[in-house]
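Peer 1: structure, please.
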Amino acid sequence: MKTLKSIIDKKMENREFREAFDEYEKEFQIAQKIIQLRKKSGMTQSELAKKANTSQSAIARLESGEHHNITLAFLHKVCNAMNIIPEIRFKKTGL
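Peer 2: Next up, the predicted model:
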């Protein structure tokens, strides 16, 4: 029986798949971190949305990892509502 990991590993041999996977993985990492920080702050999505002056559905999209093209302004707004500062780093790829 094939596992999800073995299926993904096989698909990663395809360059286009690997590039798309890598691109979306970054968005999911942001989503996971926002969820973690929101819960640590003891807020619901609705409470965070109200404090960030946005909608609950915008927070839900951000946390789903499907909020493509997240703007820095929106990320700052959400982080400010949780009294945190996003830290963005740049590093050279191995290519």
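
Peer 1: going by C-alpha atoms from here, please, whenever you check contacts or count neighbours.
Peer 2: Fine.

Peer 1: name the helices or strands packed onto the longest helix belonging to the chain?
Peer 2: Taking DSSP state H as the criterion, the chain has its longest helix at helix 15-40. Other elements packing on helix 15-40 under the criterion 3 or more Cα pairs under 8 Å, 6 or more residues apart in numbering; DSSP states H and E are helix 56-64.

Peer 1: how about the helix or strand just after the helix it packs on: buried residues?
Peer 2: Downstream of helix 56-64, the first helix or strand assigned by DSSP states H and E is helix 72-81. For helix 72-81, the neighbour count (16 or more other Cα atoms under 10 Å) marks 75-79, 81 as buried.

Peer 1: contacts for helix 72-81?
Peer 2: 48-49, 51-52, 85-86 (Cα atoms under 8 Å, 6 or more residues apart in numbering).

Peer 1: got the angle for that helix vs helix 15-40?
Peer 2: 30 degrees (axes from the mean of the first three to the mean of the last three Cα atoms, to 10 degrees).

Peer 1: quick one, helix 72-81 and helix 56-64 angle?
Peer 2: Orientation check (the same axes, to 10 degrees): helix 72-81 against helix 56-64 gives 100 degrees.

Peer 1: first-to-last residue distance for stretch 54-69?
Peer 2: Taking Cα to Cα, to the nearest Å, the first and last residues of stretch 54-69 lie 17 Å apart.

Peer 1: any idea how many residues pack against A60?
Peer 2: A60 has 17 neighbouring residues, counting by other Cα atoms under 10 Å.

Peer 1: pLDDT weak spots in this structure?
Peer 2: Along the chain, the model assigns pLDDT under 70 to residues 1, 67-68, 95.

Peer 1: how about 80 then?
Peer 2: Confidence mapping of the chain against pLDDT under 80 gives the ranges 1-2, 4-5, 21-27, 65-69, 93-95.

Peer 1: returning to that earlier point: mind putting the contacts of helix 72-81 into CSV with secondary structure?
Peer 2: Formatted as CSV, those follow (DSSP: H, G, I helix; E, B strand; the rest coil):
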residue, secondary structure
L48, helix
A49, helix
K51, helix
A52, coil
I85, coil
P86, coil
